[in-house]
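A.B. asks: what would the 3D arrangement of this be:
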Amino acid sequence: MVALSSCTEVSLRTAVSRPYYGYVKKAVKDEQPEDLFTVKGSNTNLQPLIEEVGRSYMVVENVA
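C.D. replies: Residues are numbered from 1 along each chain as shown. From the prediction side, this is the model:
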């Protein structure tokens, strides 16, 4: 088993571009504002929850 610590260097490879052989009939446009995150079938904005989870994670990382 390998344990990773917070000071372990991690290198990320660049994304590999793969050709798409299908046909796209119509471009998908997202009319939703950048600060609005919803789940399909719900009108509840999840942005405040996402921000709170992010803040909690930063606090845990700073304490560790």
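A.B. asks: so where does F37 fall, helix or strand?
C.D. replies: Assigned by DSSP states H and E, F37 belongs to neither a helix nor a strand.
A.B. asks: distance check, it against G54.
C.D. replies: Here the criterion is C-beta to C-beta, to the nearest Å. By it, F37 lies 12 Å from G54. Bear in mind the C-beta positions are built from the backbone N, C-alpha and C, glycine included.
A.B. asks: who's more crowded, the two?
C.D. replies: F37 (15 against 10; other C-beta atoms under 10 Å).
A.B. asks: and Q47, how many neighbours?
C.D. replies: By other C-beta under 10 Å, 14 other residues sit near Q47.
A.B. asks: name the SS class of N45, please.
C.D. replies: Under the three-state scheme (DSSP: H, G, I helix; E, B strand; the rest coil), N45 adopts coil.
A.B. asks: surely it is in contact with E51?
C.D. replies: No - at 10.8 Å, N45 does not count as touching E51 under the criterion of C-beta atoms under 8 Å.
A.B. asks: could you report the pLDDT at S6?
C.D. replies: pLDDT recorded at S6 is 55.
A.B. asks: for this structure, which spans come out with low pLDDT?
C.D. replies: Scanning the chain for pLDDT under 70 picks out 1-35, 63-64.
A.B. asks: at 50 what do you get?
C.D. replies: Where the chain drops to pLDDT under 50, the residues are 1-2.
A.B. asks: if I look at K40, how far off is L46?
C.D. replies: K40 is 12 Å from L46, where distance means C-beta to C-beta.
A.B. asks: and those two? which has more neighbours close in?
C.D. replies: Legend: neighbour count by other C-beta under 10 Å for K40 and L46, higher for L46 (13 against 4).
A.B. asks: that one touches T38, doesn't it?
C.D. replies: Yes - using C-beta under 8 Å, L46 is in contact with T38, at 6.5 Å.
A.B. asks: distance check, the nearest residue to I50 once chain neighbours are set aside against N62.
C.D. replies: Spatial nearest neighbour of I50, chain neighbours left out: F37 (6.2 Å); criterion: C-beta to C-beta, 6 or more residues apart in numbering. F37 sits 25 Å away from N62, going by C-beta to C-beta.
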